[in-house]
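Participant: Test case, fold it:
(2 chains)
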2 protein chains.
Amino acid sequence: MNLRNVFGLNLQRLRRERRLSQEQLAHLAGCARAYLSGAEAGRRNATLDMVEALAMVLEVKPADLLKDPAVGRETR
Amino acid sequence: MNLRNVFGLNLQRLRRERRLSQEQLAHLAGCARAYLSGAEAGRRNATLDMVEALAMVLEVKPADLLKDPAVGRETR
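Facilitator: Here you go, the predicted structure:
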């Protein structure tokens, strides 16, 4: 799983936990819904500025969005 | 300090610890020296693919490059 996929899955999980639609999260973070949809699917090569904006809306640290959930389960 | 600056400072610190020049790290990660220089200075809005490539060369987790060193000192 590459970093785009890790980021996309974290994004989708946190968005759903917060009961936000893609439309809503995109609006809050200041990006297009298509951008967010692409990021969640691992197609879009997101930038640091977008990682930062999305982390702020989701109330997590930017680094948390890049953490591979599988690695956490194996080693901690 | 925004995320670009956090990323840039982490990048510069790790590169120096590994005794690599910007030229060498850029070559190993497959980007231009000017891109790396801009990323270290917080001017360049790096992408996930570049974060991943740089983390691989520097032998750290991608998430480590986005961690604010100041936050770690205060809370841990």
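
Participant: what does chain A have sitting close to chain B?
Facilitator: A:2-4, A:6-7, A:45-49, A:51-52, A:55, A:61-64, A:66-68, A:71 (C-beta under 8 Å from any C-beta of the partner chain). Glycine gets a C-beta too; all of them are placed from N, C-alpha and C.

Participant: Any idea which residue is closest to the centre of chain A?
Facilitator: A:Leu11 (2.5 Å; C-alpha atoms, centre = their mean).

Participant: What mean pLDDT does the lengthiest helix in chain A get?
Facilitator: Criterion DSSP state H: the longest helix present in chain A is helix A:3-17. Mean per-residue pLDDT for helix A:3-17: 98.

Participant: ok, residues contacting it?
Facilitator: A:22, A:25, A:36, A:39-46, A:51, A:54, A:58, A:60, A:64-69, B:48-49, B:51-52, B:62 (C-beta atoms under 8 Å, 6 or more residues apart in numbering or on different chains).

Participant: can you list contacts of stretch A:54-66?
Facilitator: Residues contacting stretch A:54-66 (C-beta under 8 Å, 6+ apart): A:3, A:6-7, A:10-11, A:14-15, A:18, A:25, A:28-29, A:36, A:39, A:48, A:51-52, B:3, B:6, B:48, B:51, B:61-64, B:66-68, B:71.

Participant: let's see it at 6 Å
Facilitator: A:7, A:10, A:14, A:28-29, A:51-52, B:3, B:62-63, B:66-67 (C-beta atoms under 6 Å, 6 or more residues apart in numbering or on different chains).

Participant: Leaving out the residues flanking it, which one is nearest to A:Gly30?
Facilitator: Closest residue to A:Gly30 apart from its sequence neighbours, by C-beta to C-beta, 6 or more residues apart in numbering or on different chains: A:Ala53 at 5.9 Å.

Participant: Next one: that neighbour, what pLDDT does it get?
Facilitator: 98.

Participant: before we move on, what about the one 5 residues further on?
Facilitator: What the model reports for A:Leu58 is a pLDDT of 98.

Participant: Could you do A:Ala70 as well?
Facilitator: 77.

Participant: quick one on the thing from earlier: tell me which residues of the longest helix of chain A come out buried.
Facilitator: Judged by neighbour count (16 or more other C-beta atoms under 10 Å in any protein chain shown), helix A:3-17 contains these buried residues: A:3-4, A:6-12, A:14-15.
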